[in-house]
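S.K.: no sequence on this one, just coordinates:
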């Protein structure tokens, strides 16, 4: 089959963390492999960042983007329904609309790629006789844990977080109980059952694509391919195709934030952001503010209202202080730190900031998209995981890869107090010789990722294998 005529549909479930890597995969297939790509986006109320990405002026030009509104599931959930359950129900209920969108295309897709919540769409691929692949927008370690959890479910009694010993995955690094992903925190909750089902359904597809690369997780990737025990649950090929991260785009006019960065010394600014969905308790927001101020180090902080607040994107104008400081930040915080740093509500152009020579460290929630963006710009991290698989990522980044520091207190378990934050920020930013290895190591990992994506590199070849596999399967159907 001529790959110029190959048409692939990729489905993104709701959320910026799913949309971004799906668009990057689609763009890579289109630009580097001459594939016609349609991206089907299941939309809810779009965040400012999602709206910007999907706007015709900024969306990838070579992709055909189809937005499918999700079905109202308010009658199927309540206030206690966890995120994994909500997304699973949403994708199940929206399946008829996605099927209609695919059926209505003039050139029906030859193959279907879905993100990690898209296993609900397996029947559509089966009905239309399409080769089908699942794209896990995270690490190989996450894939190993997710697929093997069906075995752990039978072997382990009680809650995983209460276990005294690490959870063993054949051929892989064990998972410490404190690092388990959110759905594994409560085995009585529906999202745990949804998570187990997802891991089982990965092997219903023709292959598992992962946003990682051979040199980043060699032991885990080899275990997924070759370990006899792990192969009993991972029954299909795995394809490391990363690191897929957002490229830096040239801008015609610099923002005020970038102009401020231009005036700062090299590697002197700490960038602080917890992702598109990361929120903390008001007490922790307050302690972080004090810690940043007391450290007297330069910073950019993307602030979101704390969990208890329902403030919207205009919260900076609703502050109680005379300088407009929001009520949940220390009084006159903005006034006292206006020369030291920049506090920005909700969203910033992250790649543009990480790419700037003045930014030396990224204090991050360790969402995998953000981690890859930091690595691709050669910026080490302070790991501050909040939810989902971020604790797993934080351990990988700090202990295995050596590209991040982490607080002695686990932020997800306890409030990290201002004294520790002050000390940590100052140590990381001032005493660079002490942590020099992390700066050197992150540059090495960046180069490794660049090589993997280049023509002839491991990830480039891996994506070529996906295309060849798809073509072989299509020929059998003719």
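M.R.: Great, that's in hand. Nothing here was measured: the structure is a model prediction, and the numbers come from that model. Numbers count the residues shown, from 1 in each chain.
S.K.: in the stretch 201-350 of the chain, which spans are helices?
M.R.: Listed from the start of the chain, the stretch 201-350 of the chain has helices (DSSP state H, counting those that start in this stretch) covering 218-226, 256-262, 282-295, 333-336, 350-354.
S.K.: mean pLDDT and distance to residue 185 for the ones you listed - can I get that in CSV?
M.R.: All C-beta atoms are positioned from the backbone trio N, CA, C, and that covers glycine. Formatted as CSV, the helices of the stretch 201-350 of the chain follow (pLDDT from 0 to 100; distance: least, C-beta to C-beta, whole Å):
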stretch, mean pLDDT, distance to residue 185
helix 218-226, 98, 22
helix 256-262, 94, 36
helix 282-295, 95, 19
helix 333-336, 93, 33
helix 350-354, 95, 28
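S.K.: tell me the most buried of these?
M.R.: Ranked by mean neighbour count under mean count of other C-beta atoms under 10 Å, the helices of the stretch 201-350 of the chain are led by helix 350-354, which reaches a mean of 22.
S.K.: run through who's touching that one.
M.R.: Surrounding helix 350-354, the residues in contact under the criterion C-beta atoms under 8 Å, 6 or more residues apart in numbering are 245-249, 251, 257-258, 261, 271, 273, 300, 359, 362, 370, 373-374, 377, 379.
S.K.: 6 Å - rerun?
M.R.: Contact with helix 350-354 is made by 246, 248, 271, 359, 373-374, 377, 379, as judged by C-beta atoms under 6 Å, 6 or more residues apart in numbering.
S.K.: before we move on, what about stretch 212-229?
M.R.: Residues external to stretch 212-229 that are found in contact with it (C-beta under 6 Å, 6+ apart): 139-141, 144, 170-172, 230, 234, 238, 240, 242, 448, 452, 458-459.
S.K.: swap in 7 Å and give it another go.
M.R.: The list of residues contacting stretch 212-229 from outside it, by C-beta atoms under 7 Å, 6 or more residues apart in numbering, reads 139-141, 143-144, 170-172, 230, 234, 238, 240, 242-243, 445, 448-449, 452, 458-459.
S.K.: and the chain, what are its domains?
M.R.: As given by automatic domain parsing, the domain ranges for the chain are 3-244+455-477, 256-448.
S.K.: how about the spatially closest residue to residue 373 that is not a sequence neighbour, what does it touch?
M.R.: Computed as C-beta to C-beta, 6 or more residues apart in numbering, the closest residue to residue 373 that is not its neighbour in sequence is residue 245, at 4.8 Å. When the contact criterion is C-beta under 7 Å, 6+ apart, the partners of residue 245 are 372-373, 376.
S.K.: give me the subset of the residues you listed lying in helices.
M.R.: Here DSSP state H is the test, and those give 372-373, 376 as lying in helices.
S.K.: on that earlier part again, can I get the helices of the stretch 201-350 of the chain in a markdown table with distance to residue 20?
M.R.: Converted to a markdown table, these look like this (distance: least, C-beta to C-beta, whole Å):
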| stretch | distance to residue 20 |
| --- | --- |
| helix 218-226 | 23 |
| helix 256-262 | 20 |
| helix 282-295 | 25 |
| helix 333-336 | 30 |
| helix 350-354 | 10 |
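S.K.: tell me which of these sits nearest to residue 110.
M.R.: Go through these one by one with C-beta to C-beta and the one that ends up closest to residue 110 is helix 218-226, at 26.0 Å.
S.K.: how about residue 139: what's its closest non-neighbour residue?
M.R.: residue 212 (5.2 Å).
S.K.: pLDDT wise, what is that neighbour at?
M.R.: Looking at residue 212, its pLDDT is 98.
S.K.: what of residue 399?
M.R.: We note a pLDDT of 95 for residue 399 in this prediction.
S.K.: go through the helices of the stretch 201-350 of the chain and name the closest to residue 400.
M.R.: Distances from residue 400 to each of these were compared using C-beta to C-beta; the minimum, 9.2 Å, belongs to helix 218-226.
S.K.: am I right that residue 87 falls within a helix?
M.R.: Yes - checked against DSSP: H, G, I helix; E, B strand; the rest coil, residue 87 lies within a helix.
S.K.: in the sheet, who's paired with residue 115?
M.R.: When assigned by DSSP bridges, residue 115 has beta-bridge partners residue 135.
S.K.: pretty sure it contacts residue 14?
M.R.: No - taking contacts as C-beta atoms under 7 Å, residue 115 lies outside contact range of residue 14: 10.2 Å.
S.K.: of these two, which one has the most company?
M.R.: With neighbours defined as other C-beta atoms under 10 Å, residue 115 and residue 14 compare such that residue 115 has more, 26 against 22.
S.K.: excluding chain neighbours, what is closest to residue 184?
M.R.: Nearest-residue entry for residue 184: residue 160, 5.0 Å, with adjacent residues in sequence omitted and distances by C-beta to C-beta, 6+ apart.
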